[in-house]
Structures are given as structure tokens and as C-alpha cells.
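Q: give me a 3D structure for the following:
(chains A, B, C and D)
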Number of protein chains: 2
Amino acid sequence: MKKEKILLVDDEPDIIDLITYNLEKEGYEIQSATNGRDAIEMAKRFVPDLILLDVMMPEMDGIETCVELREQDSLRNAIIAFLTARGEDYSQIAGFDAGADDYISKPIKPRVLISRIQALLRRKVQAEEVPGLEEVGGIIIDKEKYLVIFQGKELNLPKKEFELLALLMSKPGRVFTREIILNTIWGNDVVVGDRTIDVHIRKLREKLGDKIIKTVKGVGYKFEPR
Amino acid sequence: MKKEKILLVDDEPDIIDLITYNLEKEGYEIQSATNGRDAIEMAKRFVPDLILLDVMMPEMDGIETCVELREQDSLRNAIIAFLTARGEDYSQIAGFDAGADDYISKPIKPRVLISRIQALLRRKVQAEEVPGLEEVGGIIIDKEKYLVIFQGKELNLPKKEFELLALLMSKPGRVFTREIILNTIWGNDVVVGDRTIDVHIRKLREKLGDKIIKTVKGVGYKFEPR
DNA sequence: AGCAGGAATTAAGACTTTGTTAAGTGATCA
DNA sequence: TGATCACTTAACAAAGTCTTAATTCCTGCT
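A: Residues are numbered from 1 along each chain as shown, chains lettered A, B, ... in the order given. Below is the predicted model of the structure:
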């Protein structure tokens, strides 16, 4: 699994040390900055997945920094969370407007922080999407290796079956019409009989069980994630 | 702009009143429940955009409730936020695992709460924006998945019924004449008897209840949102 | 009350779309 | 070159959907 990158911005070295220690222990890759200006420079190169930003900083405060970070195109889908002292409630309001995704109260409790960060990154991962490898409803399909893993077993599907499964799984739940299936897998001009698709579907069902691919009569087929 | 729906779950009436008052003032549509069981029932019908869930409740606590709510298909993209008393940090950890999106500390400060909710809903809107999915009067119709969710239950409608429902729901309240229905669903040239539409309407009413589709004698039919 | 037009209801049968099986055609590979 | 595998087709079976037709039910009107 890819190491996720976190940029930590706080003017107090003690806090930086504490957080860095705890997050590195969790396997994240951490970089830190002690002021807004540096943070922006660093963010451009480091391209973090998550930015933890102290609100109270000399010179350029967190809010200001946040606004500038948000203008960076490369950080469009980075997550920004503020670190704020209890009682600084105004910052929550201004912070969300500045484009923050969350805020975390000081004093920092490591366990809480980690759990919070996991939740934030999980949300981000959902939003992203990693091509090539997909996992839905217990089935893993690896387009690079041309491999399907189902109930712990590796399956070597023939080309057409594999492509058909990959297509259905690319949008779990969504119905693909026969027409679209033909166009996608066989190409716009190739003409094959109507039953051909059925037969391939049948073979997939033989291998993956009957419940995974569902027929929508008169429309098409869909992959039904458990 | 559509009113956003919030379901509030807390066993203390005072809290309910306080929050309801503040959120209604902001233009949200609020429903509330005082225990987890009711909350789940209500959620199925109400289909809220956001659920505020007290962690500490008798019988079924917030975490448990959250887990069950997350299993509801119709709540797939609802946002769930916990209300927690200061010091209940354990709840933050368990809560995120249970599928919560955020937590909000008590005591509730109205200004902070509202700002927080706005941020959460803003995030939701971004995450959604998926065409083909519509929600009207507690019924969700998903053209991609060819699926209707009604009172928390998934319905698999046959093609014609589905198309008919989709048509009526596309403009809630508007009357569609028989002629337009025929032209849209059957095509301009296809000729089917007049009663055919009635029969399909009837089947829809069997499945969705009698009140949802209304007859306008001599004119046509309309979908009657709540 | 009686009537007429439209709509609801029902069940039966026609019709479509899929499932299933087995067999045929190539292609590939030792 | 014979075995195996992938793919396609054909033919029939099985589901499931759509239509129709016959009848009853409403509602407003005279």
C-alpha cells in the first residue's frame, strides 16, 4: 500500500515533534513547516494528501495559509485540517469558509488524532479511485495482471469473460445494456449473435456464483456488490 | 434551492428543542427521534441528507445505531455526525469505525454547529452530483442501477413500469397526458391500447401505494410528492 | 334513478427476452 | 497434428413482461 503523505504546519517545534513521531509510527510520510510561507512552498513540491495546519501562527495564520493552499491546482484534492486550541471557536467558522475539511482540537491526543486522520484519508481514497486494480464485494480484479481473485482463489478468465466482468465491475450496481456491452467489448462494427453475451454471462456465473451478476430484463446486466 | 433534511437523534428533549430551533431558523428541514430504533425507522422514510446522532443514549447507543444506518442502501450518501460530550474520546474512535463522518462536541454552540453542518453538507454536495439519481418524496429512483428505493426497500421494477415512474417523477406534480406518456415510453409510432397505461399504473400503485400516483380524469396522471 | 365517459381491476394469453445445452469453428501450442 | 481452449451459434426451454379484453367501478350530469 502506498504511503500517504502528510504536511504538518505549526510554529511550535514540540508539537511538530509529537505529531511527527506518532504519525510516522503509523506509517505515514511526514514533512513539516513552521510557518505559512514555507508550508506553501513545501506543499508545491511534496504534494501531500493531507495538510494539518495550525491556526495560530505568527506572520501568516492558518486561515490565510489555507486560502492560498487552496489556490494551488496540485492540491485540489488534498485534505486540509486545522489544529485549533479549545475556545478558538471563531476559527472553526472562518476555517471552513477558507476551504478546510475538518479541524482538530488541541491539546492533541495521539489516539484521537490518528483515528481522525484515518477517517479523513479514507474519505479521500473513496473520492479518488485507483485504476488497474479494483476490489468490490469480495472480488478483486487486477487488470494489469489479468487476474481475478474470488474467495481467495485466483481465477484465470478467458479474455472475453474477463473484459465483461471488468466492465460490469467498473461501475458496480450500474446496469449495462447489451448494446453498450457489445460496443465496448466487441467494438462498434463487429456483429455477434444475441445469445453470445448470455453465454459469457453464464460462464461467469458458473465461476462466480449466480448472485453476483444480475439480469435486468429488457435492459441489460449489472454487477451486484454484496 | 432544495431544503436539506436533517435527522436529529438524542434522548434529551431539551437538546432536541435547542438544535431543532436553531436549524429550522437556518432553513433546514428537521425530524427528530429519541432513540436508535425510532431513528432507523424514521431514516428509511425521511431519507435525510445529514444525521446528527447522540452517542450516549439508553438501550441502543449512537455507535450501534450508526452501524445499522450505514447498512441502509438509501442512506448510502447520507452524512452521519456524532454528538458527543467532551471527554468521551473513546467514542470518536469507535465512531469513525462505525462509519461516522464527523463528530461534534457538546455543549452545542449554535453558531459553531451551523457552520459545521454547512461544511458537512457542502462536502456532501460535492460528493454527489451524480446524474441519473433522483430523490423525490422519499422515493429514490436510480436510472443507472435501474433501481427504486421506497421506504428503505429496493424495488426491481420491470422496464415499462420503471420508465413510467421515471417519467412521472421527472416533473413531480406535473400532469402527463396519456398521449405524452405513450409518445415518450412507447414511441410515436407504436400503437398499444388505451388500457395498457392503466395496467402499468396499477402495478406501480400496487408496489408504491395508492397515494403516490394521482389520476386526473380526462387528462392523465401525475406523481404526487408527499 | 339512469346514463355516459373515463378509469380500475383482473386474469388469460401473446410475445419478448434470457437461460441452457451442445455442437461447430478456429486458433494456439506442444 | 492432435488436444485443448476460447468463442460463437443454433435450437429449444424457461422466465418474465406486456397487452388485451371483459367487466366493474366511479363521477358528474340530466
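
Q: now A:Pro172: closest residue in space that isn't a chain neighbour?
A: A:Pro225 (4.5 Å; C-beta to C-beta, 6 or more residues apart in numbering or on different chains). The C-beta positions use only the backbone N, C-alpha and C, and glycine is treated the same way.

Q: wait, that neighbour touches A:Gly137, no?
A: Yes: the pair formed by A:Pro225 and A:Gly137 meets the contact definition of C-beta atoms under 8 Å, at 3.6 Å.

Q: now do the shared contacts for the two.
A: With contacts defined as C-beta atoms under 8 Å, 6 or more residues apart in numbering or on different chains, the residues shared by A:Pro225 and A:Gly137 are A:Pro172.

Q: may I have stretch A:174-181 exported as CSV, CA atoms only?
A: C-alpha atoms of stretch A:174-181 as CSV (Å, rounded to 0.1, in the frame of the first residue of the first chain):
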residue,chain,number,x,y,z
ARG,A,174,-25.0,0.1,-12.7
VAL,A,175,-26.8,-1.6,-15.5
PHE,A,176,-25.0,-2.1,-18.8
THR,A,177,-27.3,-2.6,-21.8
ARG,A,178,-26.5,-5.3,-24.3
GLU,A,179,-25.8,-2.6,-26.8
ILE,A,180,-23.2,-0.9,-24.6
ILE,A,181,-21.6,-4.2,-23.8
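
Q: so that stretch, near DNA strand C or not?
A: Yes: using C-beta under 7 Å from any atom of the strand, we find that stretch A:174-181 touches DNA strand C at A:Arg178.

Q: ok, and what's touching that stretch?
A: A:164, A:167-168, A:184, A:194, A:197, A:216, A:219-223, B:144-146.

Q: among those, which are in helices?
A: A:164, A:167-168, A:197 (DSSP state H).

Q: let's have those in JSON lines, adding distance to chain B, pLDDT and neighbour count.
A: What follows is these, written out as JSON lines (distance: C-beta to the nearest C-beta, whole Å; pLDDT from 0 to 100; neighbours: other C-beta atoms under 10 Å in any protein chain shown):
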{"residue": "A:Leu164", "distance to chain B": "18", "pLDDT": "95", "neighbour count": "24"}
{"residue": "A:Leu167", "distance to chain B": "14", "pLDDT": "93", "neighbour count": "16"}
{"residue": "A:Leu168", "distance to chain B": "12", "pLDDT": "94", "neighbour count": "26"}
{"residue": "A:Ile197", "distance to chain B": "17", "pLDDT": "96", "neighbour count": "20"}
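
Q: now, among those residues, which is nearest to DNA strand C?
A: A:Ile197 (7.5 Å; C-beta to the nearest atom of the strand).

Q: picking that back up, got a quick PyMOL command for the buried subset of the contacts of stretch A:174-181?
A: Selecting only the buried entries of the contacts of stretch A:174-181 in PyMOL, with 16 or more other C-beta atoms under 10 Å in any protein chain shown as the criterion:
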select buried, (chain A and resi 164+167+168+197+216+219+220+221+222+223) or (chain B and resi 145+146)
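
Q: out of the contacts of stretch A:174-181, who's near DNA strand C?
A: With C-beta under 7 Å from any atom of the strand as the criterion, the contacts of stretch A:174-181 include A:194, A:219-220 near DNA strand C.

Q: so A:Arg226: helix, strand or coil?
A: coil (DSSP: H, G, I helix; E, B strand; the rest coil).

Q: from A:Lys106, how far off is it?
A: Noted for A:Arg226: a distance of 42 Å to A:Lys106, by C-beta to C-beta, to the nearest Å.

Q: more neighbours: those two, which one.
A: Using other C-beta atoms under 10 Å in any protein chain shown, the more surrounded residue of A:Arg226 and A:Lys106 is A:Lys106, with 16 against 9.
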